[in-house]
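**Q** Sequence and predicted model, in that order:
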Amino acid sequence: MKIAWIISAVVLLVACERVKQPTEKTLKPLASASGVVVENDKFGITDSGLDLVSRSDVQRFINQELKRGYYTQPQLDNFFKNVQFKPSIIKDMDRPGTSLPWYTFAQNNANSLRIKNGKSFWKNNAAVLKAVSKRYGVAPELLVAIIGIETNYGHTTGSFRVADALTTLGYHYPRRAAYFQRELVEFLQLAYEEKRDPFSFKGSFAGAMGMPQFMPSSYRQYAVDWDGDGQRDIWNNIGDTLASVANYMKQHGWKTDQPIAVSVSLQITPQIQQIIDQPTEMKYSAGQLRQLGIVIPAHINDQEKGILYQLERMPGKYEYWFGLNNFYTIWQYNHSRHYVAAVRQIANSINDGSTNL
């Protein structure tokens, strides 16, 4: 039995080894790290079952990967034979924390302990925070708040193998299968580029990685090697992590020294409620909302566009806000208005009230 196990382990090790690296000229990188273009793209679930290698949708994925030339057929077959289906991931996906009312979400994510730990994190990493903030023009308190809400300042980065998370969601979760299969393409290329075994990456139940919880596409496009050691280590390296978040924010339009949102006063009407309930887009200008009787602080000019949203501060009691450009920038990091509001609350609190983002 022991001999059989050893032989099996050796076969797995050999199968997982990288194929001989092609020269730089023969590499075929993805067209876009955030929007993968794959020939004959037919992502989605067409089969069912736990034996992935026998499924036609998985074979189609493998054939597309073979055309891109990074992995061999045995390596890809071995990958899909050794990933594990995690039913708990499906349950977690169907009960997202952002569906909670604001007063509960805020207590869970922007509480006094989170703020206290944020102050300690800032104090312990003040020099690198200052340098990263200066380089990218992104407020240091925002960077701290993002790391805080994502992983409690690096303490909860996730224990799932990323390979298991992405294949579970890519091939057993029809609602978002196409997205997670695209992330699986990104992940396999990421592992190739980083010269690492795909099964060595750990992350969240959704496949998000490291202190900032980057999905593979975000890692490939925005992760930064801050200290120049040749690695973009968002798991253990504070400088790499902070610079990666700052780079993401900058690339998504963060405006230096501009607020995230401003409080507004209004009398709710069906028309205003309809605007609040619309998808999150920079659609309405301050001037348009003022014409509906909404009182927006005078320093926001009429031409500035934003998002009108509400926060339920206690059951049935709401406060109203106008989210500006920087609100939308953070929202692209996590598509939840509650998430952005919590990040703002942490950021404004960890600097002893001297910040008003």
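**A** Yep, that arrived. Numbers count the residues shown, from 1 in each chain.
**Q** can you give me the strands for the protein?
**A** Chain-ordered strands for the chain, with DSSP state E as the definition, fall at 160-161, 202-203, 261-264, 284-285, 305-314, 317-323.
**Q** how far is stretch 295-302 from where the chain is centred?
**A** For stretch 295-302, the separation from the chain centroid amounts to 32 Å (computed by Cα atoms, centre = their mean, to the nearest Å).
**Q** and what of stretch 129-136?
**A** The gap between where stretch 129-136 is centred and where its chain is centred comes out at 21 Å by Cα atoms, centre = their mean.
**Q** and it, which residues are buried?
**A** By neighbour count with 16 or more other Cβ atoms under 10 Å, stretch 129-136 contains the buried residues 129, 132, 133, 136. Backbone N, C-alpha and C define where each C-beta goes, glycine included.
**Q** In helices, which of those appear?
**A** Helix and strand membership here follows DSSP state H; of the buried residues of stretch 129-136, those in helices are 129, 132, 133, 136.
**Q** Tell me which residues touch the second one, please.
**A** Listed by Cβ atoms under 8 Å, 6 or more residues apart in numbering, the contact partners of residue 132 are 138, 140, 143, 226, 239, 242, 243, 246.
**Q** Do a quick rundown of the helices in the stretch 201-350 of the chain.
**A** Taking DSSP state H, counting those that start in this stretch, the helices of the stretch 201-350 of the chain run over residues 216-222, 238-251, 270-277, 286-291, 325-333, 337-350.
**Q** For the ones you listed, give me a markdown table that also has distance to residue 314, mean neighbour count and mean pLDDT.
**A** Putting the helices of the stretch 201-350 of the chain into a markdown table (distance: least, Cβ to Cβ, whole Å; neighbours: other Cβ atoms under 10 Å; pLDDT from 0 to 100) gives the following:
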| stretch | distance to residue 314 | mean neighbour count | mean pLDDT |
| --- | --- | --- | --- |
| helix 216-222 | 35 | 22 | 98 |
| helix 238-251 | 31 | 24 | 98 |
| helix 270-277 | 18 | 12 | 98 |
| helix 286-291 | 25 | 16 | 98 |
| helix 325-333 | 23 | 22 | 98 |
| helix 337-350 | 15 | 24 | 97 |
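**Q** can you list the ones you listed in a markdown table and add distance to residue 306?
**A** Formatted as a markdown table, the entries for the helices of the stretch 201-350 of the chain read as follows, by distance: least, Cβ to Cβ, whole Å:
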| stretch | distance to residue 306 |
| --- | --- |
| helix 216-222 | 24 |
| helix 238-251 | 17 |
| helix 270-277 | 11 |
| helix 286-291 | 7 |
| helix 325-333 | 7 |
| helix 337-350 | 12 |
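**Q** between these, which one is nearest to residue 316?
**A** Closest approach to residue 316 among those is made by helix 270-277 (14.2 Å; Cβ to Cβ).
**Q** ok, back up a step: closest one to residue 258 among the helices of the stretch 201-350 of the chain?
**A** Counting by Cβ to Cβ, residue 258 lies closest to helix 325-333 out of those; the figure is 5.5 Å.
**Q** Can you show me the CA trace of the closest one as CSV?
**A** What follows is the C-alpha trace of helix 325-333 in CSV, where atoms were taken according to Å, rounded to 0.1, in the frame of the first residue of the first chain:
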residue,chain,number,x,y,z
ASN,A,325,-16.1,59.2,-8.4
ASN,A,326,-14.1,57.6,-5.7
PHE,A,327,-17.2,55.7,-4.5
TYR,A,328,-17.5,54.1,-7.9
THR,A,329,-13.8,53.3,-7.9
ILE,A,330,-14.1,51.3,-4.7
TRP,A,331,-17.4,49.7,-5.9
GLN,A,332,-15.4,48.2,-8.8
TYR,A,333,-13.3,46.4,-6.2
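**Q** Packing partners of it?
**A** Contact partners of helix 325-333 among helices and strands, from 3 or more Cβ pairs under 8 Å, 6 or more residues apart in numbering; DSSP states H and E: helix 140-151, helix 238-251, strand 305-314, helix 337-350.
**Q** quick one, phi psi at the closest residue to residue 121 other than its chain neighbours?
**A** Leaving aside its sequence neighbours, residue 121 sits nearest to residue 153 (Cβ to Cβ, 6 or more residues apart in numbering; 4.6 Å). Dihedral angles phi and psi of residue 153 (degrees, to the nearest 10) take the values phi 60, psi 40.
**Q** Surely residue 153 and residue 147 touch.
**A** Yes: with contact defined as Cβ atoms under 8 Å, residue 153 reaches residue 147; the gap is 5.6 Å.
**Q** between those two, who's got more neighbours?
**A** For residue 153 and residue 147, the more surrounded residue by other Cβ atoms under 10 Å is residue 147, and the numbers stand at 24 against 20.
**Q** Enumerate every residue touching the residue nearest in space to the middle of the chain.
**A** The C-alpha lying nearest the average C-alpha coordinate of the chain belongs to residue 214 (Cα atoms, centre = their mean; 4.4 Å). When the contact criterion is Cβ under 8 Å, 6+ apart, the partners of residue 214 are 208, 222, 223, 234, 244, 248.
**Q** phi, psi of residue 351?
**A** Per-residue torsions, residue 351: phi -100, psi 30 (degrees, to the nearest 10).
**Q** Which residue is the nearest non-sequential neighbour of it?
**A** Residue 351's closest residue in space is residue 141 (Cβ to Cβ, 6+ apart), at 5.0 Å.
**Q** likewise residue 71?
**A** Taking Cβ to Cβ, 6+ apart as the measure, residue 71 lies nearest to residue 65, with 5.9 Å between them; neighbours along the chain are not counted.
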